[in-house]
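Q: missing the sequence, but the structure's below:
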C-alpha cells in the first residue's frame, strides 16, 4: 500500500488529489453547523435558533429573555450558555403550548387580554383607566417591549394558562359520590354464627 503512495505517476497523483478534494468537501458539508445553506452570515439576533410548528424563534427573543432574566445584573459569562439553553427550551415549550391551545380554539378575547394587562401591569391603568397607547408604549419600553409585542406575549400567556388549566384542573366529584365511595371502602359486615361439635 505504501508503494502506491510512493509512485510518481501522474494518474496516481490525480486520483489521490481527487480523493482528497472529495474528503474535504464532505467534511465541510457535514461537519460545519447548518451546512452551506444556513443563515450564519446573519448576526445572532436575526438568526433562527429553533422552529416550532413552522414558527421561528429568533436569537433576539432568546437574548431579550436573558436580559429580562438578568434585570440589570451582570451575569457571569460561564452561566450564559446554560441560561440561554434554558430560556430557549422555555420559549419552545411556550410556543408549542400556544400552538396546541390555538388548535383547540382557546384564543383569548380582547377583554381577556385587557384583564391580563390590568393584573400584570397595573401602572397602565391608574384609577382603573387606561393611560393611552403613547404613554403605555413609553412605560413598557423600560421592559424592552413594544405594545404589539406585549399584546402578543399576553395572548400567548393566556393561551398557555388555558391549556394548562385544561390539563391540571381537578376532576369535580359530588359530595354524594364521595360519601358512597367512603362507605363502600369502609363497609364492615357482622355475622352471627353457631358452632356444632
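A: Arrived safely. Since we're looking at a predicted model, the values are computed, not measured.

Q: in the protein, which spans are helices?
A: 2-6, 10-31, 59-70, 80-103, 110-120, 133-141, 147-168, 175-185 (DSSP state H).

Q: comparing those helices by mean pLDDT, which bottoms out?
A: Of all the helices of the chain, mean pLDDT reaches its minimum on helix 2-6 (a mean of 57).

Q: how about residue 47, nearest residue that isn't a chain neighbour?
A: residue 59 (4.9 Å; Cβ to Cβ, 6 or more residues apart in numbering). All C-beta atoms are positioned from the backbone trio N, CA, C, and that covers glycine.

Q: that neighbour and residue 138, how far apart?
A: Shown here: residue 59 relative to residue 138, a distance of 26 Å by Cβ to Cβ, to the nearest Å.

Q: the two: which has the busier surroundings?
A: Per other Cβ atoms under 10 Å, whichever of residue 59 and residue 138 has more neighbours is residue 59, with 18 against 11.

Q: am I right that that one is in contact with residue 50?
A: No: the pair residue 59 / residue 50 is not scored as a contact, 9.7 Å apart, by Cβ atoms under 8 Å.

Q: between the two, what contacts are shared?
A: Here residue 59 and residue 50 share no contacting residue, scored by Cβ atoms under 8 Å, 6 or more residues apart in numbering.
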